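Asks: Give the three-dimensional model of this entry:
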Amino acid sequence: MISSVSSDIIEKWLSAWALSRELPLPAKFLSGYKVDVGYEQQKTRYVFAALNEDFIRLSETINIPWVFLKVCASAEEVQSSIPGKWTIQPQAYMMSCNAPMDIPKVSLPDGYETVFYSYNETTVVKIISESGELASIGRVVIVDDLAVYDRISTEEQHQRKGLATFLMIELEQVALSKNIYRNFLVATAQGKLLYQSLGWKVYSPYTSAVITF
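Replies: Purely as a prediction, here's the structure:
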């Protein structure tokens, strides 16, 4: 884990997040960034590389629900630094990996096929079962020299078949085909274990807070 988070990395990751969702690109806001999301339960998100005075003052100023504050810090640090009106979300982790990943050679199990399509700078990989059901899906977004992996999931009934590992291989091949060797993502606590097994390392804890009332 690094001692300080690069603002450049945060901007590229957040740009990829917005491109993946076809939202406006982030705008600079004080020492962080702002994205106008426009969802019913996520109106705006503010992202900061550090738990600093800008972040704390913003937390004291906002009083409306469904505005998210996000920062590269632990949940405990955030909880103790901002007002009690904020609900702290489960701990997440920013993770990085320099290709090639540490992935064993695996094959797609019988009864599945892969589907690819692209938009913006985003490539989507789907794994579909023989019944036409979505089994696993993920995206990789290329921003400058960074490949950002986003919204990776496997349906519960298709888990423990190696689909997530195969999906990561396919996503990595997209990045490598564009000569991109720097990889980045945000993982849940559960997802972190999978990515660590593939050679990823924790870059920074990542914590979100929101007012829900």
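Asks: Figure out the helix or strand that the residue most central in space within the chain lives in.
Replies: The centre of the chain sits closest to Val186, judged by C-alpha atoms, centre = their mean, with a distance of 3.4 Å. Val186 is located in strand 182-188, with elements delineated by DSSP states H and E.
Asks: now that strand: mean pLDDT?
Replies: Mean pLDDT, strand 182-188: 97.
Asks: Also stretch 83-101?
Replies: For stretch 83-101, mean pLDDT is 95.
Asks: what about that stretch, how long is it end to end?
Replies: 41 Å (C-alpha to C-alpha, to the nearest Å).
Asks: Can you list the buried residues in it?
Replies: 86, 91-97, 101 (16 or more other C-beta atoms under 10 Å). (Glycine included, C-beta is placed from N, CA and C.)
Asks: With stretch 114-125 instead?
Replies: By 16+ other C-beta under 10 Å, the buried positions in stretch 114-125 come out as 121-125.
Asks: Adding distance to Val35, pLDDT and secondary structure, write those out as JSON lines.
Replies: Below are the buried residues of stretch 114-125 laid out as JSON lines (distance: C-beta to C-beta, whole Å; pLDDT from 0 to 100; DSSP: H, G, I helix; E, B strand; the rest coil):
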{"residue": "Glu121", "distance to Val35": "16", "pLDDT": "95", "secondary structure": "coil"}
{"residue": "Thr122", "distance to Val35": "16", "pLDDT": "98", "secondary structure": "strand"}
{"residue": "Thr123", "distance to Val35": "21", "pLDDT": "98", "secondary structure": "strand"}
{"residue": "Val124", "distance to Val35": "20", "pLDDT": "98", "secondary structure": "strand"}
{"residue": "Val125", "distance to Val35": "24", "pLDDT": "98", "secondary structure": "strand"}
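Asks: For Glu172, state which of the residues you listed is nearest.
Replies: Val125 (10.3 Å; C-beta to C-beta).
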